[in-house]
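*Asks:* below are the sequence and a predicted model for it; my questions follow.
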Amino acid sequence: HYLGVERKQVSQQAKASCETCETTLIAMLQGELDRKSEQLAVKDKQIEELNARLAEVSSALVTAQQTAAAAQALHAGTMHQQLLSGKSGADQPERETEPVQKRSWFSRFFGD
């Protein structure tokens, strides 16, 4: 009879201890979930900002490509115009330059 009462008390204490452990574990897990949710919110904000930056950079790249294409077209048009008008350096006869006579350092120094 005495052993039966003692076992019942021990099992109730063990049950209470187990419930306390479960409650503690649940509280720890809930805290971890809350931290992870906060981290995800921060990451979501970072992704949003990076997407906005990516859109800006993409727009700037398109503008730069259009500007480069316009500059190339302008240059090609200028070159074509020069070829048609005969103003290019290749069409003009080369100027004959007089050969420069080399003098020794002695004659340059004494003015020979």
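*Replies:* Structure received. Remember, predicted model here, so these are calculated numbers, not experimental data. Numbers count the residues shown, from 1 in each chain.
*Asks:* distance from the chain centre to the helix or strand harbouring residue 65, please.
*Replies:* According to DSSP states H and E, residue 65 maps onto helix 2-85. Centroid separation between helix 2-85 and its chain, computed with CA atoms, centre = their mean, to the nearest Å, is 17 Å.
*Asks:* avg pLDDT for it?
*Replies:* Average pLDDT, helix 2-85: 88.
*Asks:* can you report how many residues neighbour residue 61?
*Replies:* Counted with other CB atoms under 10 Å, the neighbours of residue 61 add up to 10. Heads up, the C-betas are built off the backbone N, CA and C, glycines and all.
*Asks:* I meant to write residue 82 there.
*Replies:* Other residues close to residue 82 by other CB under 10 Å number 14.
*Asks:* ok, now how distant is it from residue 32?
*Replies:* 73 Å (CB to CB, to the nearest Å).
*Asks:* just checking, what packs against the helix holding residue 65?
*Replies:* Applying 3 or more CB pairs under 8 Å, 6 or more residues apart in numbering; DSSP states H and E, we find helix 2-85 packed against no helix or strand.
*Asks:* from now on call the first residue 327
*Replies:* Done: numbering now begins at 327, and the last item shifts to helix 328-411.
*Asks:* phi first, then psi, for residue 429.
*Replies:* Dihedral pair for residue 429: phi -120, psi 150, per degrees, to the nearest 10.
*Asks:* any idea of the pLDDT on it?
*Replies:* Confidence score, pLDDT, at residue 429: 74.
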